[in-house]
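# everything below, folded, please.
(one chain, ligands or ions: 1)
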Amino acid sequence: MSWSEVPWLQRNSPTASLVRLCERILQSDDLAAIIVDIAAEFGVSNCLLAVRSGDWKIVAARGDWDGPLPSSQLDSCIDREAAVYQRGRPTGGTILTPTGSRDQHMLLLSGARLAADQLADALAIARVLGRRLDQLGVLHAAHRQVDRLKATMKLARKFAGETETQRLLEHIATDAARLLGSDRASIFIWDREQRQLVACPALGVEGGRLFLPDNKGLVGDVIHSRKPVIVDDVYADPRFDQGVDKKSGYKTRNLLCVPLFDANDECLGAFELINKRSGDFSAEDLGALEDFAIAVATAVTNTRELENLVRNNSQLSEQMKRRSNIIGESPAMAALRGTIDRLAMTDLPVLILGESGTGKEVAATALHHQGSRAQRPFVAVNCAALTETLLESELFGHEKGAFTDAHAMHIGKFELAEGGTLFLDEIGDMTLGGQAKLLRVLEQKVITRVGGTQPIPVNVRVVAATNAHLAEMVREKKFRQDLYFRLSVVTLEIPPLRDRPEDILPLSKFFLERFCRDANRKLLTFSPDAEKRLQMHQWPGNVRELRNLMERIAFLAQGARVEVDDLAFILSPKRSDFDDLADGVGLMEATSSFQSEYIKRAVKRMQGNMSDAAEFLGLHRSNLYRKMRQLGMEVDDVKP
Ligand SMILES: Nc1ncnc2c1ncn2[C@@H]1O[C@H](COP(=O)(O)OP(=O)(O)OP(=O)(O)O)[C@@H](O)[C@H]1O
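Numbering: from 1, shown residues only. Predicted coordinates for the structure are as follows:
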């Protein structure tokens, strides 16, 4: 049997047209058309669909309802779930019937020929209409949710491009208020350390930011309970903090507030909408704001991380810049600074030579920071610390699976230094195989990761350094001549500290100040004897030794002034000045030897000025000459 053969639908069946009407109602989503259809079926001039939303409101109508809606009768029908027939209105009979919809709709029919026996039919049709209204409600809510999610996704993409938290929060607030039909929106970021909430943007408040204690108000409640709130009348809610309205001069009526969670489910703060443009906030608004909050939390976390990175990066480069200050008053250091000034803006390869600890890396960082590559990375590699295979993967990187331990792809130092400077320290320790590979990259300016095939172009300035005698190594064929020429287009030579005594005190004071700051103590000074002692030391470990000594003094010295005893304890004669004295000599001979050496250094420090040297040694000038004669020394022996 087909549907059209069902007896209820046959022409002579009293129910046929009602069943057909039910069918049309259940298929239509046009409420106005449904109401017209119902009016026609019942032969009435007026047909109304009304909803109880606070007061009664007309949703759809056919004809004009004469007079106000009979609110109390409608209330009574809904509450009793009963339909009524009334006679006596000027237009004839009236039927009021509940639809049974979730949102409490009533169907009203009125017409001259409307009879009491149509009540049952009207109630049945109203129930079918009620079902359809519920279905349409769900459908419309789903459509609205899809639209909102689309809009949220679009905004999330926009937020993802934002790099500053403050600007991001302002965009979010404006977009959220617009999307959810409310007057204002605010985001509260929870500063747990300070136990406060930072509201942003806080419109009407100077600076656009408002600081509130985190245990007050509805927002305080939301972040601690981790649950959202909807409040229809905030002034009737004891949790509401009226102080905010007083500060901003804005009157809050109702609000919706949801917590913001990051990916680890940590509460970041709260998101609040204030004053819905029409009516109160609904459960649907809550769902929408919660969806929106997910995108907001992700965007806020990302921007904050980015800001931290940028801050750390600029702190680091500031730190690097400070570290690249070349301290020293000797002519050698003045010349070095001048050469670096001239070289910094070029891309010429530079080879820095000097004993260990003389400041070769400091010179390399100064070259980087004073040049056009300063905003790009400075990457240092210690070539001595790496075997040939490791060096290759360290410099050029490797692809995943390139060798047994290559569990993941690894970016090499050349790629990391892109646009910046690569500092190859201890270049003299690189194997000949490593040198060949490095030379090829320097010539072609292209690298290939170990295990890879793709050539990757690199734009890197190379600065190399060594404490080895590279030219000698070239002669001995331990270092490739072609690489030597490529690296040493310009050579900077940093003299050992013992050959630039003018730098000892400025460096000592510079480091002592830095380490006193680190040790959180008042700046220490040197006694005149301590200064002399520092200047007489040979500094075999160069500036690094001096730096380490100052660090220990800053943390260990007990008085407010560094005395010679503080140094005697650290600058043990065994370790330095006396190393070069012959072993196994008698005390007299050793003493004479020490005195000769000491006098020689004093004269050298004073650049050959015998009066200054005598003063430095605490002797009268004539006594100095006498002493020298006693020791068998000639003036020409000691003059530099
Ligand atoms: N002229 C200088 N001004 C300020 N600090 C310096 C100076 N020279 C060296 N230093 C400091 O001394 C220490 C050693 O310097 P650096 O590492 O540059 O020496 P290096 O010659 O590269 O040593 P190595 O050959 O052992 O690598 C560092 O802490 C550095 O900051």
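# residue of the protein with the smallest distance to the ligand?
At 2.5 Å from the ligand, Gly359 is the closest residue in the chain, using CB to the nearest ligand atom. Placement of C-beta: from N, CA and C, glycine included.
# and that residue, what does it touch?
Each residue near Gly359 by CB atoms under 8 Å, 6 or more residues apart in numbering is listed here: Ile326, Ile494, Asn542, Val543.
# below-threshold pLDDT in the stretch 151-300 of the chain: ranges please.
Applying pLDDT under 70 to the stretch 151-300 of the chain flags residues 201-209.
# for Gln194, which three-state class applies?
Put simply, Gln194 is coil when judged by DSSP: H, G, I helix; E, B strand; the rest coil.
# Phe211 versus that one, what's the distance?
Counting by CB to CB, to the nearest Å, the gap from Gln194 to Phe211 is 8 Å.
# quick one: which of these two has more around it?
Using other CB atoms under 10 Å as the criterion, Gln194 and Phe211 rank with Phe211 on top: 14 against 11.
# from Val198, how far out is that one?
Distance, Phe211 to Val198, by CB to CB: 6 Å.
# kindly report the same for Pro377.
34 Å.
# how about stretch 351-367: buried residues?
Within stretch 351-367, the residues that count as buried by 16 or more other CB atoms under 10 Å are 351-355, 357-367.
# of these, closest to Ile187?
Thr365 (41.1 Å; CB to CB).
# right, and the closest one touches Ala374 too?
No. Using CB atoms under 8 Å, Thr365 and Ala374 do not qualify as a contacting pair, with a distance of 10.1 Å.
# show residues contacting stretch 162-181.
Under CB under 8 Å, 6+ apart, the answer for stretch 162-181 is 148, 151-152, 155, 158-159, 182-187, 189, 200-201, 208, 271, 273, 276-278, 285, 288-289, 292, 296, 299-300, 303-304, 306-307.
# list the buried residues in it.
Glu162, Thr165, Leu168, Leu169, Glu170, Ile172, Ala173, Asp175, Ala176, Ala177, Leu179, Leu180.
# chain center to stretch 286-298: distance?
21 Å (CA atoms, centre = their mean, to the nearest Å).
# list the buried residues of it.
By neighbour count with 16+ other CB under 10 Å, stretch 286-298 contains the buried residues Leu286, Gly287, Ala288, Leu289, Asp291, Phe292, Ala293, Ala295, Val296, Ala297, Thr298.
# gap between the two ends of stretch 425-441?
From its first residue to its last, stretch 425-441 covers 17 Å (CA to CA, to the nearest Å).
# list the buried residues for that stretch?
If you call a residue buried by 16+ other CB under 10 Å, then stretch 425-441 has these buried ones: Asp425, Glu426, Ile427, Gly428, Asp429, Met430, Gly434, Gln435, Lys437, Leu438, Leu439, Val441.
# my guess is the fifth one contacts Thr387, does it?
No. Asp429 sits out of contact with Thr387 when judged by CB under 8 Å, with a separation of 10.8 Å.
# which regions of the stretch 501-640 of the chain sit below the pLDDT cut-off?
For the stretch 501-640 of the chain, the stretches with pLDDT under 70 are 568-587, 589, 639-640.
# close to the ligand: what parts of it are there?
Within the stretch 501-640 of the chain, the residues that sit near the ligand (CB under 6 Å from any ligand atom) are Val543, Arg544, Arg547.
# check contacts around the second one.
With contacts taken as CB under 8 Å, 6+ apart, Arg544 has the following neighbours: Ser356, Gly357.
# helix, strand, or coil at it?
Assignment for Arg544 (three-state DSSP): helix.
# before we move on, what about Val462?
Reduced to three states with three-state DSSP, the structure at Val462 is strand.
# near the ligand, which residues of this protein?
Contacts of the chain with the ligand, taken as CB under 6 Å from any ligand atom, map to 323, 326-328, 354, 356-362, 425, 465, 467, 543-544, 547.
# of these, which belong to strands?
Cross-referencing the residues of the chain next to the ligand against strands under DSSP state E gives Gly354, Asp425, Ala465.
# the last one against Met430, yeah?
No. In this structure, Ala465 sits apart from Met430 without contact. The criterion is CB under 8 Å, and the distance is 11.9 Å.
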